[in-house]
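J.: next one to model:
(2 chains)
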Amino acid sequence: MGTSVFYFVATLSIIFSLMVIFSKNPIHSVLYLILTFFTFTVHYVLLNAQFLAVVNFIVYMGAIMVLFLFVLMLLNLNKENEPNKSNLLKIVGVIAGGCLVVTLMGALKAVNIDSPLVLVDKDLGLVERLGKELFGKFMLPFELSSILLLSAMVGAVLLTKKEEKTNG
Amino acid sequence: MDNLTQTMQAVPLEHYIWLCAIIFTIGVVGVLTRRNAIVIFMSVELMLNAVNLLLTAFSVHHNDPSGQVFVFFIMALAAAEVAIGLSIIVMVYRNTQSIDINVLNRLKW
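T.: Numbering: from 1, shown residues only, chains lettered A, B, ... in the order given. Now for the predicted structure:
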């Protein structure tokens, strides 16, 4: 078995993320995005980051994807009125992306890291260890993120509220 | 589980960086080539996820749980960002009857 699990899942995540941006129908994009997030969950399990795997599964594949699907359903889009860029712009975009990946690879070649990933501490990504970290060193950011979520909720409700006719 | 993570030790860190760079680039290409606002938003999510995976890989590499706590915060932020962004898209759709981003060109020079 060896490391082939990683390479198999990595190939799958690249294929699915390509399908996200190249499929014509937005619903298919969302479904491929769910599959991509599932492969990311597998990556977290392989890294023994079990807490993050569960959070990724619940938050991304559960909450965020349901939100995307609901908005797509509410907007009632179909393939006929799907906007498309001209082919020239698409080719230019792909070339720009290729330039970016070449730049990143070149920078990586210059740094030259070839040490294998070694899991020194078995319970690094477990809930107990992360909880101690989260409620010790990162107490203040944790509390601030609750304010962030509250303001996001209020903002979302305020933005999507139907504007009433102003009467004075 | 123990067995699986044992075998992972042979994967070089470089390959994680390659994978995340490729997924990030796919996200960038998606933002550049699509005009549907929701698909652009999904590409942004892809980029966020690539960065999350890289942070986790480096956190395992350095044996430091702070990186994974940071990923947790990014996930909380992504949830807030998705809620706000989708409500903005709904508002745009209500005003223009389309989610084509080329309709929103009033700030274009």
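J.: mind listing what the one residue sitting closest to the centre of chain A touches?
T.: Nearest to the mean C-alpha position of chain A, by CA atoms, centre = their mean, lies A:Phe37 at 6.4 Å. The contact partners of A:Phe37, taken as CB atoms under 8 Å, 6 or more residues apart in numbering or on different chains, are A:Asn56, A:Tyr60, A:Met61, A:Met65, B:Asn49. (Each C-beta comes from the backbone N, C-alpha and C, glycine too.)
J.: return the subset of those lying in helices.
T.: Using DSSP state H, the subset of the contacts of A:Phe37 located in helices is A:Met65, B:Asn49.
J.: any idea which of the contacts of A:Phe37 is closest to A:Leu100?
T.: A:Leu100 lies nearest to B:Asn49 out of the contacts of A:Phe37, by CB to CB, at 17.0 Å.
J.: which parts of the strand or helix carrying the residue nearest to the centre of chain A are buried?
T.: If you go by DSSP states H and E, A:Phe37 is part of helix A:26-46. Going by neighbour count (16 or more other CB atoms under 10 Å in any protein chain shown), the buried part of helix A:26-46 is A:26, A:29-46.
J.: where does the chain dip in pLDDT?
T.: Since no chain was named, I'll use chain A. Chain A contains residues with pLDDT under 70 at A:1-2, A:77-85, A:114, A:164-168.
J.: oops, chain B please
T.: Ranges of chain B meeting pLDDT under 70: B:1-9.
J.: again, only using 90
T.: Within chain B, the stretches with pLDDT under 90 are B:1-16, B:34-38, B:60-65, B:79, B:88-109.
J.: need the nearest residue in space to the most centrally placed residue in it, chain neighbours excluded.
T.: Closest to where the C-alpha atoms of chain B average out (CA atoms, centre = their mean) is B:Leu48, at 2.2 Å. In space, not counting the residues next to it along the chain, B:Leu48 is nearest to B:Ala78; the distance is 5.4 Å by CB to CB, 6 or more residues apart in numbering or on different chains.
J.: show me which helix runs longest in chain B.
T.: Max-length helix for chain B by DSSP H is helix B:66-96.
J.: what comes up buried for the longest helix belonging to chain A?
T.: When chain A is parsed with DSSP H, its longest helix is helix A:87-111. Neighbour counts over helix A:87-111 (16+ other CB under 10 Å) mark A:Lys90, A:Gly93, A:Gly97, A:Leu100, A:Val101, A:Leu104 as buried.
J.: of those residues, which are in range of chain B?
T.: Applying CB under 8 Å from any CB of the partner chain, the subset of these adjacent to chain B comprises A:Lys90, A:Gly93, A:Gly97, A:Leu100, A:Val101, A:Leu104.
J.: test my guess that the last one contacts B:Leu19.
T.: No - counting by CB atoms under 8 Å, A:Leu104 does not reach B:Leu19; the two are 11.5 Å apart.
J.: what's the burial count for B:Leu86?
T.: For B:Leu86, the neighbour count with other CB atoms under 10 Å in any protein chain shown is 24.
J.: the one 10 residues further on now?
T.: As a burial measure, the neighbour count of B:Thr96 was computed by other CB under 10 Å and equals 11.
J.: let me know whether it touches B:Asn105 as I believe.
T.: No - assessed by CB under 8 Å, B:Thr96 is found out of contact with B:Asn105, at 11.2 Å.
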